[in-house]
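[1] sequence first, predicted coordinates after that:
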Amino acid sequence: MSRLAIEGGSPVRTEPFPRRILIGEEEIEAVHQLLEKERTQGGGLDRYGGEHVDAYEREFAEYHGVAYATATSSGTAAVHAALGALRLDIAQEVISSPITDPGGVAPILWNNCIPIFADADPETMNVDPQSIAERITERTKAIIVAHLAGQPVDMDPIMEVARAHQIPVIEDCSQAHGALYKGKLVGTIGDIGVFSLMGGKHHTAGGQGGMVITNNEEIYWNAKRFADRGKPFNSEEKKNLFLGLNYRMTELEAVIGRVQLRKLDLVLEQRRSLAAQLAERMADLQAIHMGKVIPHVVPSYWLLLLRVEQERLKVPKEQVARALAAEGIPVDPHYDWIIYETPWFRNRATYGKSGCPWTCPYYGKEVVYEGTCPNARKGINMHMVLRWHEGYTSKEIDDIAAALHKVEQAYLK
Ligand SMILES: Cc1ncc(COP(=O)(O)O)c(C=O)c1O
């Protein structure tokens, strides 16, 4: 058995993994043309005189087969605009996935509503539909589910319970562009789909950006209004209708996003094909497996979860991850993002020292978060995370597979 790199042996791989290159000639040409237009005619950067944000919205909606899309400046802004579009009263409850990005939860608090976390399915780390059902109260006015790491949440049971209680569902597709649930693209199953288009995602609007999609016309106009300071789009009013923010996307971002959207299918195909290759190469491992994929979904592999059977190994998962990293593999020991465990949330660091909205008299209840999502913790403890992108080749898959075999063999009980 060859000595592990972490113990002084030679690593499986010495050269770094390829960096993800997002931008090609087409994006450069598109930006060039836009700036040239601005230089020669003016108006190129103007969101309203400009054409690209509108076109990107149309193309994004078409890609998803929905009626409406409105662009925002980030994924966080998209979540906020989606909530703003629902015109929620303050001190209502919004159920959220427990493991997600802070940008998926902060808008609930900016809306002066109370996040309530449903627990996760430890096998996928995605929110557990049963737990959502259990945490609905008469105050629940929205549900936000995050499709984590590219794998769709099991949407049917969620939609069933949400419809029964007439609660709108927001799908946060930031990590799952192009993923399919029972043949449907994520973002098109709930009432609203939101996307982050920042540079780490499957496709990007020039480094930052977001999108809100829906088939509901009222939600669409409200999201668009909210993301533009309450502007009276599609209204008889001349001046702004309600409190909103400036969350608009720029033409510069949109012109890049449009090219990127045309490349999305290629990105998805490559990520899926690489995942399939790795799955085949890992089939004989005994303690480290591909993360579970639930039936009837096609993930889009933002990250690749690796399931570790701790009881079969002599060392903790963290040591396995360290050993893999020493072999030159881009692995993290976990995706540890239970929001209620983060300092800003634990310390209620929202508006000064007020503790609002939790302390809001309109709410009038105590919420306890700690320990309410034990399966989310279990899921995090069960999985390592392989950083993943479409620029890998069979060489990277060979090296990952070789390192996994080497490390597992060394640590198997
Ligand atoms: C699930 C999820 N929601 C929301 C966001 C926030 O998106 P952004 O960084 O574009 O604001 C992210 C960002 O990674 C995310 O992963």
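    Yep, it's here.

[2] who in the stretch 51-200 of the chain is up against the ligand?
    Within the stretch 51-200 of the chain, the positions lying close to the ligand (CB under 6 Å from any ligand atom) are 74-76, 79, 100-101, 103-104, 146, 172, 174-175, 196, 198. Glycine gets a C-beta too; all of them are placed from N, C-alpha and C.

[3] how about 5 Å then?
    Neighbours of the ligand within the stretch 51-200 of the chain, by CB under 5 Å from any ligand atom: 74-76, 100-101, 103-104, 146, 172, 174-175, 196, 198.

[4] please enumerate residues in contact with the helix or strand containing residue 409?
    Assigned by DSSP states H and E, residue 409 falls within helix 394-411. For helix 394-411, the external contacting residues (CB atoms under 8 Å, 6 or more residues apart in numbering) are 1-2, 4, 12-13, 17-18, 274, 277-278, 281-282, 285-288, 306, 313-315, 319-320, 323-324, 327-329, 386.

[5] now that helix - C-alpha only, PDB.
    Backbone C-alpha positions of helix 394-411 (Å, rounded to 0.1, in the frame of the first residue of the first chain) are rendered in PDB as follows:
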ATOM      1  CA  SER A 394     -10.900  12.700 -17.300                       C
ATOM      2  CA  LYS A 395      -7.400  13.400 -15.800                       C
ATOM      3  CA  GLU A 396      -9.100  15.100 -12.800                       C
ATOM      4  CA  ILE A 397     -11.600  12.200 -12.400                       C
ATOM      5  CA  ASP A 398      -8.700   9.700 -12.500                       C
ATOM      6  CA  ASP A 399      -6.800  11.600  -9.800                       C
ATOM      7  CA  ILE A 400      -9.900  12.000  -7.600                       C
ATOM      8  CA  ALA A 401     -10.700   8.300  -7.900                       C
ATOM      9  CA  ALA A 402      -7.100   7.300  -7.300                       C
ATOM     10  CA  ALA A 403      -6.900   9.500  -4.200                       C
ATOM     11  CA  LEU A 404     -10.200   8.200  -2.800                       C
ATOM     12  CA  HIS A 405      -9.100   4.600  -3.200                       C
ATOM     13  CA  LYS A 406      -5.700   5.300  -1.600                       C
ATOM     14  CA  VAL A 407      -7.100   7.200   1.400                       C
ATOM     15  CA  GLU A 408     -10.000   4.700   1.900                       C
ATOM     16  CA  GLN A 409      -7.600   1.800   1.800                       C
ATOM     17  CA  ALA A 410      -5.300   3.300   4.400                       C
ATOM     18  CA  TYR A 411      -8.200   4.200   6.800                       C
END
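
[6] can you flag which of the residues of the stretch 51-200 of the chain next to the ligand belong to strands?
    Counting by DSSP state E, these place 146, 172, 196 in strands.

[7] nearest to the ligand, out of these: which one, please.
    Distance to the ligand across those (CB to the nearest ligand atom) is lowest for residue 196, with 3.2 Å.

[8] specify the beta-bridge partners of the closest one.
    Beta bridges link residue 196 to residue 210 when assigned by DSSP bridges.

[9] I'd assumed residue 72 was in contact with it.
    No: at 9.5 Å, residue 196 does not count as touching residue 72 under the criterion of CB atoms under 8 Å.

[10] average pLDDT for stretch 114-126?
    The predicted model gives stretch 114-126 an average pLDDT of 98.

[11] gap between the two ends of it?
    Stretch 114-126 has an end-to-end distance of 20 Å (CA to CA, to the nearest Å).

[12] doesn't residue 385 belong to a strand?
    Yes: assessed by DSSP: H, G, I helix; E, B strand; the rest coil, residue 385 belongs to a strand.

[13] dihedrals phi and psi, the residue in the stretch 251-400 of the chain that the ligand sits nearest to?
    Closest residue of the stretch 251-400 of the chain to the ligand, CB to the nearest ligand atom: residue 302 (8.0 Å). Note on residue 302: backbone dihedrals following degrees, to the nearest 10 are phi -70, psi -50.

[14] pLDDT weak spots in the stretch 151-300 of the chain?
    Low-confidence segments of the stretch 151-300 of the chain, defined by pLDDT under 70, are absent.

[15] can you give me the strands for the stretch 101-250 of the chain?
    Counting by DSSP state E, counting those that start in this stretch, the stretch 101-250 of the chain has strands at residues 114-117, 140-146, 169-172, 180-181, 184-185, 192-196, 210-214.

[16] other SSEs contacting the third one?
    In this case it means strand 169-172. Applying 3 or more CB pairs under 8 Å, 6 or more residues apart in numbering; DSSP states H and E, one finds that strand 169-172 contacts helix 75-85, strand 140-146, helix 155-165, strand 192-196.
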